[in-house]
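Colleague: Below: sequence and its predicted model.
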Amino acid sequence: MEVLLFGMIAEKAGSPTLQVDADSLEALRTQLVERIPALRGMRYAIAVDRQVVTTDHALTGTEEIAVLPPFAGG
Amino acid sequence: MEVLLFGMIAEKAGSPTLQVDADSLEALRTQLVERIPALRGMRYAIAVDRQVVTTDHALTGTEEIAVLPPFAGG
Amino acid sequence: MSDAKPHKVKDIFVEGAIPPSFIAESIAKHATRTDIGAHEIFLGQVRADVIGGAGDVNAARTAAIEYTAYREMALERMTIIREQAFAKWPAMTCLHVHHSLGVIKAGELCFMVFASAPHRQQAREAVAWVVDRIKSELPIFGREILSDATHIWKTNL
Amino acid sequence: MSDAKPHKVKDIFVEGAIPPSFIAESIAKHATRTDIGAHEIFLGQVRADVIGGAGDVNAARTAAIEYTAYREMALERMTIIREQAFAKWPAMTCLHVHHSLGVIKAGELCFMVFASAPHRQQAREAVAWVVDRIKSELPIFGREILSDATHIWKTNL
């Protein structure tokens, strides 16, 4: 599945997207920190279908997933 | 002394000023309601030298006195 | 924009309605003040209130308000309010106040309070406080001219 | 100005800075709505913050912010915030929100929240609440471009 990256996280990853293969949010998190080591020391949120999720969650691969650094609007 | 009248009070008095002769605020109030009977049922304030005063007060005749209906700015 | 100077009496009164372009010009002047992060603006607009019977199709409406003021006292009070506002919100960079005199038609703007500050909280609180103080303390009077050519006197309290 | 319709997704994003003339035009459009008595407007302006050592004359300053957004999520969140605002302040007649994307220089405007209502309390409360919600909930990202050509990432929390 393709994960959308934004802001500082896209910068650290060197790309606005990342291909991962994960069947749960927990598995996704593990892969994300492996692929983007800078995430370890960073506050970030994961949005599934444009909603921030905090608890574990099964993923079917059809969801729109995004990794979001701290917001800075306004 | 000349008293300044504003808004609804000037309208009721038919003039933006009124000549009175009073050596205290209490005497002024008495004359005002005699000369402008509509004041009896009305909320109003008296300003002496551009400050609203509520307690009795001697007047020398050199003060700037104004009779103010309710404020409506904004 | 050097409004923080104490005891300077500024004339807040303008003859007639405040045009929207005036507000744009006022905003634009702040572009050089790069310590500003937040502007808060309150605008008063003359409302076509229904006077008397609600639901009565023949009821009169406010067509305009004619504002008058005891200018000298209003400007003295405003100077005090301005100084107190800068004392309460010392980070505020500027505060602009304008109020119309004369006949202002329904739908036109009659009042502006505009504060700028590094952060939003200061500008927001200052505008709310200044608007409320002006409405309750400045000797400004409003004759509401109704659609049937009669009039009533507006009061804030 | 018929913003009260539910579930209508409006695009809040504009490319580049918000010109003051745009705000004047937005104000002017409300002159026909004579049930409005109060407008409250919040504007965000890019601040030239000193980054790092205070008092260091060589310290870099924010020269501009480059805004990006996760557009689809931002517009979904904004639609919910808008609906909740109209539910909380049913007397509010309109609510307009704009946020810039792209490079906005220090001194330029990047954010506008504009509410109108019959009375000031509703417009004032709604603007404060909507500004705070947008800052904390909309996925908008800001790259602060510094005067020494380096950059840092802005965060609201």
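Modeller: Good, I have the coordinates.
Colleague: does the spatially most central residue of chain A belong to a helix or a strand, and which?
Modeller: By CA atoms, centre = their mean, chain A has its centre lying nearest to A:Val67, at 2.9 Å. Applying DSSP states H and E as the criterion places A:Val67 in strand A:65-68.
Colleague: Ok, C:Leu157 next?
Modeller: Counting by DSSP H and E, C:Leu157 is part of no helix or strand.
Colleague: For chain C, give me its nearest residue in chain A.
Modeller: A:Gly74 (7.9 Å; CB to the nearest CB). Backbone N, C-alpha and C define where each C-beta goes, glycine included.
Colleague: And the pLDDT for that residue?
Modeller: Per-residue confidence (pLDDT) for A:Gly74: 94.
Colleague: Give me the neighbour count for it.
Modeller: Residues near A:Gly74, counting by other CB atoms under 10 Å in any protein chain shown, number 23.
Colleague: hang on, it in a helix?
Modeller: No: counting by DSSP: H, G, I helix; E, B strand; the rest coil, A:Gly74 is located in no helix; its state is coil.
Colleague: Extract the residue ranges of chain C that are flagged as low pLDDT.
Modeller: By pLDDT under 70, the low-scoring segments of chain C are C:1-7, C:53-55.
Colleague: Would you mind listing what in it touches chain B?
Modeller: Proximity of chain C to chain B (CB under 8 Å from any CB of the partner chain) is limited to residues C:44, C:65, C:67-70, C:72-74, C:76-77, C:99, C:110-111, C:131, C:134-143, C:153-157.
Colleague: Next, count neighbours for A:Thr55.
Modeller: 6.
Colleague: how close does it sit to A:Ser24?
Modeller: Counting by CB to CB, to the nearest Å, the gap between A:Thr55 and A:Ser24 amounts to 11 Å.
Colleague: helix or strand for A:Val3, which one?
Modeller: Short version, using DSSP H and E: A:Val3 is in strand A:2-5.
Colleague: Stretch C:96-109 and chain D, are they touching?
Modeller: Yes: against chain D, stretch C:96-109 shows contacts by CB under 8 Å from any CB at C:106-109.
Colleague: which ones among the residues you listed are found in strands?
Modeller: Judged by DSSP state E, these include C:Leu109 as members of strands.
Colleague: between the residues of stretch C:96-109 next to chain D, which is closest to D:His39?
Modeller: C:Leu109 (8.0 Å; CB to CB).
Colleague: and chain A, which of its residues are near chain D?
Modeller: Residues of chain A lying near chain D by CB under 8 Å from any CB: A:4, A:6-8, A:43, A:47, A:50, A:64, A:66, A:68-74.
Colleague: and with 7 Å instead?
Modeller: By CB under 7 Å from any CB of the partner chain, the residues of chain A that approach chain D are A:4, A:6-8, A:47, A:50, A:66, A:68-74.
Colleague: mind checking which helix or strand the residue most central in space within chain C is in?
Modeller: Taking CA atoms, centre = their mean, the centroid of chain C lies closest to C:Phe111, which sits 2.8 Å from it. Using DSSP H and E, C:Phe111 sits in strand C:109-117.
Colleague: which ones are touching C:Val130?
Modeller: C:Val130 makes contact with C:81, C:85, C:95, C:97, C:113, according to CB atoms under 7 Å, 6 or more residues apart in numbering or on different chains.
Colleague: CA-only coordinates of the host helix or strand of it in CSV, if you can.
Modeller: Secondary-structure assignment from DSSP H and E places C:Val130 in helix C:120-137. The C-alpha coordinates for helix C:120-137 follow below in CSV (Å, rounded to 0.1, in the frame of the first residue of the first chain):
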residue,chain,number,x,y,z
ARG,C,120,-3.8,35.9,18.8
GLN,C,121,-4.8,35.7,22.5
GLN,C,122,-3.8,39.3,23.1
ALA,C,123,-5.5,40.8,20.1
ARG,C,124,-8.6,38.8,20.7
GLU,C,125,-9.0,39.7,24.3
ALA,C,126,-8.1,43.4,23.7
VAL,C,127,-10.7,43.8,20.9
ALA,C,128,-13.5,42.2,23.0
TRP,C,129,-12.7,44.4,26.0
VAL,C,130,-12.3,47.6,24.1
VAL,C,131,-15.6,47.0,22.1
ASP,C,132,-17.5,46.4,25.4
ARG,C,133,-15.9,49.5,27.1
ILE,C,134,-16.7,51.8,24.1
LYS,C,135,-20.3,50.6,24.0
SER,C,136,-20.9,51.2,27.7
GLU,C,137,-18.7,54.3,28.4
